[in-house]
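J.: A structural model of the following input is requested.
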Amino acid sequence: MPDPSSDEQSRRLTRLEEAVAFVDHTSSQLSAEIAAISREIAALSRRLTALEKQMLDLTDAVTEAPPVVPPPHSAGPDVPKDPL
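T.: Below is the predicted model of the structure:
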């Protein structure tokens with residue numbers, strides 16, 4: 001006759017093994033998600049840095065003083081009428 005406590009121990013061990021397998025699977029999935037998120041954050045960080053550089057370049061270009069050109073009606077023969 002089989003020992004009833006042996007069957008209970010076997011079922012308990014099976015449940016524990018299933019729980020460990022579930023935790024292992026979940027851990028692997030979460031690790032993959034974290035890696036994907038890290039890659040996305042790195043790409044977004046590179047894009048942000050590039051955008052910041054573009055904004056600084058545009059700001060520098062806008063803050064430069066325009067060339068001083070006399071108005072066309074006061075320009076003499078040796079002064080170009082076109083400012084560019």
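J.: okay, CA-based contacts and neighbour counts for the rest of this
T.: Noted.
J.: Tell me which stretches of this protein form helices.
T.: 4-63 (DSSP state H).
J.: Asp57 and Leu30: what is the separation?
T.: 40 Å (C-alpha to C-alpha, to the nearest Å).
J.: Over to Arg12?
T.: Relative to Leu30, and taking C-alpha to C-alpha, Arg12 is found at 27 Å.
J.: Quick one: low-confidence residue ranges for this protein.
T.: When residues are selected by pLDDT under 70, those of the chain lie in 1-4, 70-84.
J.: how deep is Ala19 tucked in, by neighbour count?
T.: Neighbouring residues of Ala19 were enumerated by other C-alpha atoms under 10 Å; the total is 12.
J.: actually Val69, not the one I typed
T.: 13.
J.: next one: Ser5
T.: Count around Ser5 with other C-alpha under 10 Å applied: 9.
J.: how much space is there between Asp57 and Ala50?
T.: 11 Å.
J.: and what of Thr59?
T.: Distance, Thr59 to Ala50, by C-alpha to C-alpha: 14 Å.
J.: What's the separation between Ser27 and Ser5?
T.: The value you get for Ser27 to Ser5, if C-alpha to C-alpha is used, is 32 Å.
J.: my bad, should have said Leu30
T.: From Leu30 to Ser5 the distance is 37 Å (C-alpha to C-alpha).
J.: and if you look at Ala32?
T.: 41 Å.
J.: do the same with Thr26
T.: 31 Å.
J.: Also Glu33?
T.: 42 Å.
J.: Report the distance from stretch 5-25 to the chain centre.
T.: Offset of stretch 5-25 from its chain centre (C-alpha atoms, centre = their mean, to the nearest Å): 41 Å.
J.: CA atoms only for it - export them in CSV, please.
T.: The C-alpha atoms that make up stretch 5-25 are tabulated as CSV, following Å, rounded to 0.1, in the frame of the first residue of the first chain:
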residue,chain,number,x,y,z
SER,A,5,2.3,11.3,2.8
SER,A,6,4.5,10.2,-0.2
ASP,A,7,1.8,11.2,-2.7
GLU,A,8,1.3,14.5,-0.9
GLN,A,9,5.0,15.2,-1.0
SER,A,10,5.1,14.3,-4.7
ARG,A,11,2.2,16.7,-5.5
ARG,A,12,3.8,19.4,-3.4
LEU,A,13,7.1,18.9,-5.1
THR,A,14,5.4,19.1,-8.5
ARG,A,15,3.7,22.4,-7.5
LEU,A,16,7.0,23.8,-6.3
GLU,A,17,8.7,22.8,-9.6
GLU,A,18,5.8,24.4,-11.6
ALA,A,19,6.1,27.6,-9.6
VAL,A,20,9.9,27.8,-10.1
ALA,A,21,9.4,27.2,-13.8
PHE,A,22,6.8,30.0,-14.0
VAL,A,23,9.1,32.4,-12.1
ASP,A,24,12.0,31.5,-14.4
HIS,A,25,9.9,32.1,-17.5
